[in-house]
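Chemist: prediction below, plus the sequence it came from.
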Number of protein chains: 2
Amino acid sequence: MNNNSDKVDVKKIILDAAKELFLEQGISSVSMRKIANKINYSPTTLYIYYSNKNDILKHLAKDYFSEYAQGYEDILANTENSSIDNLITFIKLYIHRALANPGMYKLMTTLFAETDSTHLGITNAGKGYEILKTLTSRCIIDKELSEGDVDLKAQILWVNTHGLCSLLTKRPSFHWSEIELLVDSSINTVIKGLK
Amino acid sequence: MNNNSDKVDVKKIILDAAKELFLEQGISSVSMRKIANKINYSPTTLYIYYSNKNDILKHLAKDYFSEYAQGYEDILANTENSSIDNLITFIKLYIHRALANPGMYKLMTTLFAETDSTHLGITNAGKGYEILKTLTSRCIIDKELSEGDVDLKAQILWVNTHGLCSLLTKRPSFHWSEIELLVDSSINTVIKGLK
DNA sequence: TGACATTATTAACAGTGTTAATATTTTAAT
DNA sequence: ATTAAAATATTAACACTGTTAATAATGTCA
C-alpha cells in the first residue's frame, strides 16, 4: 500500500513519522510497528532504510544538532558586536532553542544518558562547546572576562547553560521564577562571576 | 526454590537485585524476568510485592532521595559556620554525592525525564530545593549575598549545581578540566556573581 | 485437624525488536 | 519489447518483553 507516484524520499518520511511519534509518546512507547503503521508500510521495510530503532534516533539527533549550525557560524563571524555580547547572544540562542522545543531537547539528552554520544556517532554535539570556547577566548583577549584557563571558563558557562535547559525542560511543573528573568539573571550572574 | 529459612524481607531482596541490574545494564535492558532469575524467583512473584516495573523504580528513587536526608538536616542545623560556608558545604555535598554514584544519579534523572516526578510520587526530590532556598535566605540576611529575590538566587544556584552533576555523570568521556577544580570554580563563580 | 490467608508458580496474551525467505516493482541493457 | 538485475517491499517467524488469571503450595492459628 505504498504511494510512489512521485519519487519520494522514504528515509525522510520514516524519520518525520518517527520524530512526531517520539515527541508525542516518548522513545520507549513508540515501536517500529507503530512508525510503520503511521506511514502505511510494513514494519520490516524500515530496516531497509535504517539498521534498527537506535539508528533512527541517531539520525534524528544528527539532524537536530546540524539544523542550527548556520546560526552558530553567524555569531562566530559577527564583528559588529563586542565579544561579550556575542558570547551572551550565543548562550541565549542555545537556551531559547531548547525551550522552544523542549520535547526534542529532552529526547536528545535522554539519548546521551543511555548511550555514550561518541559511540552514537554524533559529532555535532561537541561542536557547541568548541564555539563556546572560541567566544570565551575572544572575551578574555578583549579583557571583557578575567585572565585564566579558557577551558575552565567555557565549561563553567556550559554547565550553567545546560543546567538551565535541562531543568526547565525536564521539570516544567516546578514553580520557576519568571523564565526570561531566570535565564537573564543566570547568565548575568555567571558572566559577572567570571569577570 | 525459595529460601525462607529465616524471615527474609523479599521486598528488599527484589529491590537490591533490581538496583544492581539497573546500574549494570540500564533500565530498559533489565526485564522483570532477569530480576526474578537473579534471586531465583518466578517473574510473577515480583508482582506480589511491586505492582509493576515502574513501581520498583519508584521505590528505588524514594530510597535514594531519603538516604541522605539526615546529612542535609545536619547542615541546616549547623550554627558554627558562617551561612555562606553552610551554603557551599551543602552544594558540594550534593555534587559529590552525585559524582560518587554517577550510575544512580543518571538513573534518577532518567526517571524524571520520562515521567513527571510528582506523578511518580517522589516528594523528597523537591526537598533539596527547599533547603537550598533556606540556606540562601540566611546568606542574604547575613549580608553575604546581595539583596533580592530569594527564589531567583536559589534557582540560579540549583541550575548551576544540577548542570554540573548532569554533564559530569552523563558525559564522562568529555575532556573536562580537573574535576575538583571545575566544581570549586563553578561554585565560586556563581557565588561571586550573586554577591 | 481444618480453615484461611499468604506466598509462589505455571500458562497465557498481546506486544516488542529483529532476521530470513520471498515476493513485487523499478531500472537498465539487449 | 524482452529479459536480467537491482531495488524495494512484504509475510512469517524467533526470542523476548510487561503483565494478568488461574492454580498450586505453604504457613498460621483456631
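Modeler: Thanks, I have it.
Chemist: next secondary structure after the lowest-mean-pLDDT helix or strand in chain A?
Modeler: When the helices and strands of chain A are scored by mean pLDDT, DSSP states H and E, helix A:117-120 comes last with a mean of 52. Following helix A:117-120 in sequence order, the next helix or strand is helix A:124-141 (DSSP states H and E).
Chemist: elements contacting whichever helix or strand comes after that following helix?
Modeler: Downstream of helix A:124-141, the next assigned helix or strand under DSSP H and E is helix A:150-170. Applying 3 or more Cβ pairs under 8 Å, 6 or more residues apart in numbering or on different chains; DSSP states H and E, one finds that helix A:150-170 contacts helix A:83-100, helix A:102-114, helix A:124-141, helix A:179-194, helix B:102-114, helix B:150-170, helix B:179-194. Heads up, the C-betas are built off the backbone N, CA and C, glycines and all.
Chemist: centre of the chain versus helix A:150-170, how much separation?
Modeler: 13 Å (Cα atoms, centre = their mean, to the nearest Å).
Chemist: A:Ser146 is in contact with A:Ile191, isn't it?
Modeler: No: using Cβ atoms under 8 Å as the test, A:Ser146 is too far from A:Ile191 to be in contact (11.0 Å).
Chemist: looking at the two, which is more packed in?
Modeler: A:Ile191 (20 against 11; other Cβ atoms under 10 Å in any protein chain shown).
Chemist: in this structure the more buried one contacts A:Asp85, no?
Modeler: No: look at A:Ile191 against A:Asp85 with Cβ under 8 Å: they stay out of range, at 10.8 Å.
Chemist: can you check the pLDDT for the closest residue to A:Arg138 other than its chain neighbours?
Modeler: Take A:Arg138 and drop its neighbours on the chain: the residue closest to it by Cβ to Cβ, 6 or more residues apart in numbering or on different chains is A:Ser83, 4.0 Å away. At A:Ser83, the pLDDT value in this model is 98.
Chemist: enumerate every residue touching A:Ser83.
Modeler: With contact set as Cβ atoms under 8 Å, 6 or more residues apart in numbering or on different chains, A:Ser83 has these partners: A:Leu135, A:Arg138, A:Cys139, A:Ile141, A:Asp142, A:Glu144.
Chemist: for these, which one is nearest DNA strand D?
Modeler: A:Leu135 (43.0 Å; Cβ to the nearest atom of the strand).
Chemist: contact partners for the closest one?
Modeler: With Cβ under 8 Å, 6+ apart, A:Leu135 has these contacts: A:Ile75, A:Leu76, A:Ser83, A:Asn86, A:Leu87, A:Phe90.
Chemist: pLDDT score for the residue of chain A found nearest chain B?
Modeler: Nearest residue of chain A to chain B (Cβ to the nearest Cβ) works out as A:Gly163 at 2.3 Å. At A:Gly163, the model reports a pLDDT of 96.
Chemist: which non-adjacent residue is nearest it?
Modeler: B:Gly163 (2.3 Å).
Chemist: how far away is that neighbour from DNA strand C?
Modeler: Distance, B:Gly163 to DNA strand C, using Cβ to the nearest atom of the strand, to the nearest Å: 31 Å.
Chemist: check A:Glu24 too.
Modeler: For A:Glu24, the distance to DNA strand C - Cβ to the nearest atom of the strand - is 13 Å.
Chemist: does that residue belong to a helix or a strand, and which?
Modeler: Assigned by DSSP H and E, A:Glu24 falls in helix A:10-25.
Chemist: the helix or strand following that helix and chain B in contact?
Modeler: The C-terminal neighbour of helix A:10-25 among helices and strands, as given by DSSP H and E, is helix A:32-38. No: if you take Cβ under 8 Å from any Cβ of the partner chain as the test, helix A:32-38 misses chain B, and the best it gets is 14.9 Å.
Chemist: anything in helix A:32-38 near DNA strand C?
Modeler: Yes: contact of helix A:32-38 with DNA strand C (Cβ under 7 Å from any atom of the strand) involves A:Met32, A:Arg33, A:Lys34.
Chemist: brilliant, that's me finished.
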